[in-house]
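> next comes the sequence, and after it the predicted model I'd like to discuss.
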Amino acid sequence: MDLDPQCLFCKIIEGDIPADIVLRTANVLAFRDITPQAPTHILLIPTVHVENAAELAKLSPTLIGELMIAAQEVAKSEGLDGYRTVFNTGASVGQSVFHAHLHLLGGRSFAWPPG
Ligand code: AMP
């Protein structure tokens, strides 16, 4: 199945739930996070339903690379000179939506190690 009708992010791909979309390619959709954790906080997702980044990497190393390239393009269009990218993989580290997504964060300073 390409999309899961029960999945929140699949509903955004389908246009059934509104989102502030900043980039759409053949395989990637990027939209602003509804609860931003930084001045720029954008989610980049594959337009195929896959549970997390680990599964996406197995399904298509090319597609997970496309997410990173799209993040770079979006960061440039947002005027960021540096940015942080995060995949949360698993509920134990905070994954709450089980459709693979890359967080792109920027526009403020970030601590390391992350919390
Ligand atoms: P994660 O906790 O890594 O699974 O990230 C899920 C992200 O999705 C969170 O940062 C949420 O704020 C974000 N989110 C949830 N619902 C929406 C929505 N309808 N539109 C945009 N972002 C959302």
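That came in fine, so what should we check first?

> what ranges of this structure fall below the confidence cut-off?
1 (pLDDT under 70).

> so which residues of it form helices?
For the chain, the helices defined by DSSP state H cover 8-14, 53-59, 61-77.

> tell me which of the ones you listed is the most buried.
A comparison of these by mean neighbour count, using mean count of other CB atoms under 10 Å, puts helix 8-14 on top with a mean of 18. For the C-beta atoms, the positions are set from N, CA and C on the backbone; glycine is no exception.

> which of the helices of the chain sits closest to Q37?
The closest of the helices of the chain to Q37 is helix 61-77. By CB to CB, the value is 15.5 Å.

> before we move on, the earlier item: let's have the helices of the chain in CSV, adding distance to V86.
Shown next, in CSV, are the helices of the chain (distance: least, CB to CB, whole Å):
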stretch, distance to V86
helix 8-14, 16
helix 53-59, 10
helix 61-77, 10
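
> and these: which comes nearest the ligand?
Nearest to the ligand, of all those, is helix 8-14, at 5.8 Å by CB to the nearest ligand atom.

> and A100, how many residues sit next to it?
A total of 27 residues lie near A100 under the criterion other CB atoms under 10 Å.

> hey, what's L44 bridged with?
For L44, the beta-bridge partners are A30, L102 (DSSP bridges).

> gap between it and H99?
L44 sits 11 Å away from H99 when distances are taken as CB to CB, to the nearest Å.

> what is the burial count for D20?
D20, neighbours per other CB under 10 Å, totals 10.

> so it makes contact with D33?
No - under the criterion of CB atoms under 8 Å, D20 makes no contact with D33, lying 9.2 Å away.

> what residues does this protein have near the ligand?
Residues of the chain lying near the ligand by CB under 6 Å from any ligand atom: 8, 17, 19, 31, 33-35, 43, 88, 94-97.

> show me which of those are buried.
The neighbour-count test (16 or more other CB atoms under 10 Å) marks 19, 31, 33, 43, 88, 95 as buried among those.

> quick one: residues contacting the closest residue in space to the fourth one that isn't next to it in sequence.
Leaving out its chain neighbours, the residue that sits closest to L43 by CB to CB, 6 or more residues apart in numbering is H101, at 4.7 Å. Under the criterion of CB atoms under 8 Å, 6 or more residues apart in numbering, the contact partners of H101 comprise 9, 43-45, 87.
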